[in-house]
Structures are given as structure tokens and as C-alpha cells.
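Colleague: need coordinates for the following:
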Amino acid sequence: MKKKEIKILLVDDEQDILEIIGYNLVQEGYQVSTATNGREAVSKAQKEQPHLIIMDVMMPEMDGMEACEHIRRIPELQNTIITFLTARGEDYSQVAGFDAGADDYITKPVKPKVLMSKVKALLRRFKEEEKNGDILNVGEIEINREEYKIVKEGVEIILPRKEFELFYLLASKPGKVFKREEILDKVWGNEVIVGGRTIDVHIRKLREKIGDEWFKTIKGVGYKLDL
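Modeller: Numbers count the residues shown, from 1 in each chain. A predicted model of the protein is given here:
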């Protein structure tokens with residue numbers, strides 16, 4: 001996917017943040033739209049269906065957490081990447097952010113070059129998607145890599161991209177022991193810095209959505225995590 005085809009929604013209630021970050025994203029060749037609060041972000045996201053949403057946490061009317069939860073309930077936006085933009089020292093839990101459906105977070109103030117590096121790392125999965133358009137069957141589960149879709153016993157399970165990519169990685173390598181560093185590199189990219197509990201949070205959410213017993217079964221016969 002070319003840069004000019006990638007749509008990014010930037011959400012922040014501070015106009016200078018929108019102007020500075022927006023300018024740098026446009027200079028890189030991305031399509032950029034903006035919103036100043038969570039409610040507007042949900043509306044614009046549903047209408048424009050961006051590939052990436054960079055969203056502040058603390059905002060009026062509807063904060064980033066609530067907006068993220070609303071967006072994740074919209075079927076057309078299940079595959080949209082969402083990263084929170086947070087100020088240092090903000091009373092914000094990264095685990096709560098992942099639970100709300102976010103894929104990552106960026107701490108501000110952030111230097112333009114660092115921001116662009118993180119954005120490129122977050123968007124790298126679209127290139128991988130173009131290369132890996134196959135279907136993988138694991139027991140009673142069918143994993144469609146091209147459509148980012150999982151079907152278990154005839155029922156479709158919706159997963160955010162990060163959870164999907166983590167699950168696909170585990171399912172595609174039977175018997176392999178995965179180390180944290182490898183998972184972070186394959187799923188998050190080595191340019192993105194995430195907290196140590198990131199993998200644990202996503203594994204827990206996968207167990208809740210796919211079924212803890214089934215997850216334990218496949219782990220026991222070959223899907224091992226060096227956690």
C-alpha cells in the first residue's frame with residue numbers, strides 16, 4: 001500500500017498538536033484528517049475509515065478511552081490501528097488502554113523523526129498483509145490473513161489487528177517456542193517501544209475471546225510461550 005493511499009485520523013483538543021503532527025504526516029505523503037474530541041473522532045472514523053488513528057487520551061466531551069471502545073464496536077473499523085497520544089505524567093494506565101482496544105501508545109512531546117518512525121512501524125503490517133493473503137486452518141478455527149478474520153465453528157470472532165497478528169503468529173508456527181523479544185519484533189516491530197506487560201494483556205484477551213480451554217489445548221500440544 002502506497003503512502004498516498006493511507007488515511008490517518010489525528011485526534012487532539014490542542015490545536016498546536018494537530019497542526020504540528022498533522023503537518024509532518026502530510027509532508028510524509030499521508031492523507032490526514034483531524035478531530036478535536038472523542039465524539040467527533042468516532043463520527044469521522046466511521047465516515048472515513050482510516051487505516052490509523054492517533055488519539056489523545058484526555059479530551060472534552062468524550063475521552064480517548066471511551067472513543068476507542070466505541071470505535072472497536074464498529075465492524076468496519078475492527079482492523080483500524082489505534083494508538084494513544086499521551087502526555088508524560090498523565091494519570092493513564094497502559095493496560096487500561098490496551099483493554100479499551102488500543103494497539104499502542106506514543107508519549108508526547110515527541111520529535112517529528114521519532115513520530116514518523118513509529119507511524120511507519122505501526123503501518124508496516126499493511127505491507128505484510130499484501131504478502132500474506134492466505135487462509136490457515138487450526139483445528140476448528142479458520143484464520144483468514146487477507147481479511148483479518150477468524151471463524152470458529154461457524155462463528156466469526158472479531159479481533160483488533162494486534163490481537164489478530166499475535167494469534168496468527170502463534171497459530172502459524174506449531175511447536176515453536178516464542179520468546180518475548182521475537183513476539184514484540186514480529187507483531188509490534190522493533191521500532192515501537194511497548195511495556196513489558198503488553199504481551200500478557202493481549203494473551204489474556206485472546207483467551208477470553210477464543211476460549212480459554214481451547215487456547216490451553218493448543219498451547220499444550222505445541223503453541224508455547226516463553227513468558
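Colleague: and residue 8, how many residues sit next to it?
Modeller: For residue 8, the number of neighbouring residues by other Cβ atoms under 10 Å comes to 24. Where you see a C-beta, it was placed from the backbone N, CA and C, and this is true even at glycine.
Colleague: hmm, residue 25 and it touching each other?
Modeller: Yes - applying Cβ atoms under 8 Å as the test, residue 8 and residue 25 come out as touching, 5.7 Å apart.
Colleague: okay, and the common contacts of these two?
Modeller: Common contacts of residue 8 and residue 25 (Cβ atoms under 8 Å, 6 or more residues apart in numbering): 32, 119.
Colleague: secondary structure class for residue 40?
Modeller: helix (DSSP: H, G, I helix; E, B strand; the rest coil).
Colleague: whoops, I mixed them up, residue 54
Modeller: Following three-state DSSP, we place residue 54 in the strand state.
Colleague: so it touches residue 11, yeah?
Modeller: Yes - in terms of Cβ under 8 Å, residue 54 counts as a neighbour of residue 11; the distance is 6.9 Å.
Colleague: per-residue confidence averaged over the top strand by length along the chain?
Modeller: The residue-count maximum for a strand in the chain (DSSP state E) belongs to strand 81-87. Strand 81-87 shows a mean pLDDT of 87.
Colleague: mind giving me the packing neighbours of that strand?
Modeller: Counting contacts by 3 or more Cβ pairs under 8 Å, 6 or more residues apart in numbering; DSSP states H and E, strand 81-87 is packed against strand 52-56, helix 64-72, strand 104-108, helix 112-131.
Colleague: for the protein, which spans come out with low pLDDT?
Modeller: Filtered on pLDDT under 70, the chain yields the residue ranges 1, 88-93, 125-134, 139, 173-176, 190-196, 213-227.
Colleague: so where do the strands sit in it?
Modeller: 7-11, 31-35, 52-56, 81-87, 104-108, 135-138, 141-144, 149-152, 155-157, 177-179, 224-226.
Colleague: elements contacting the second one?
Modeller: Based on contacts counted as 3+ Cβ pairs under 8 Å, 6+ apart, the elements that strand 31-35 packs against are strand 7-11, helix 15-27, helix 38-48.
Colleague: distance of the residue nearest the centre of the chain relative to residue 55?
Modeller: The residue lying closest to the centre of the chain (Cα atoms, centre = their mean) is residue 103, at 2.9 Å. The gap separating residue 103 from residue 55 is 11 Å, by Cβ to Cβ, to the nearest Å.
Colleague: got it, and residue 81?
Modeller: Per Cβ to Cβ, residue 81 is found 11 Å from residue 55.
Colleague: compare neighbour counts for these two and give me the winner.
Modeller: Relative neighbour count places residue 55 above the other of residue 81 and residue 55, with 27 against 21, counting by other Cβ under 10 Å.
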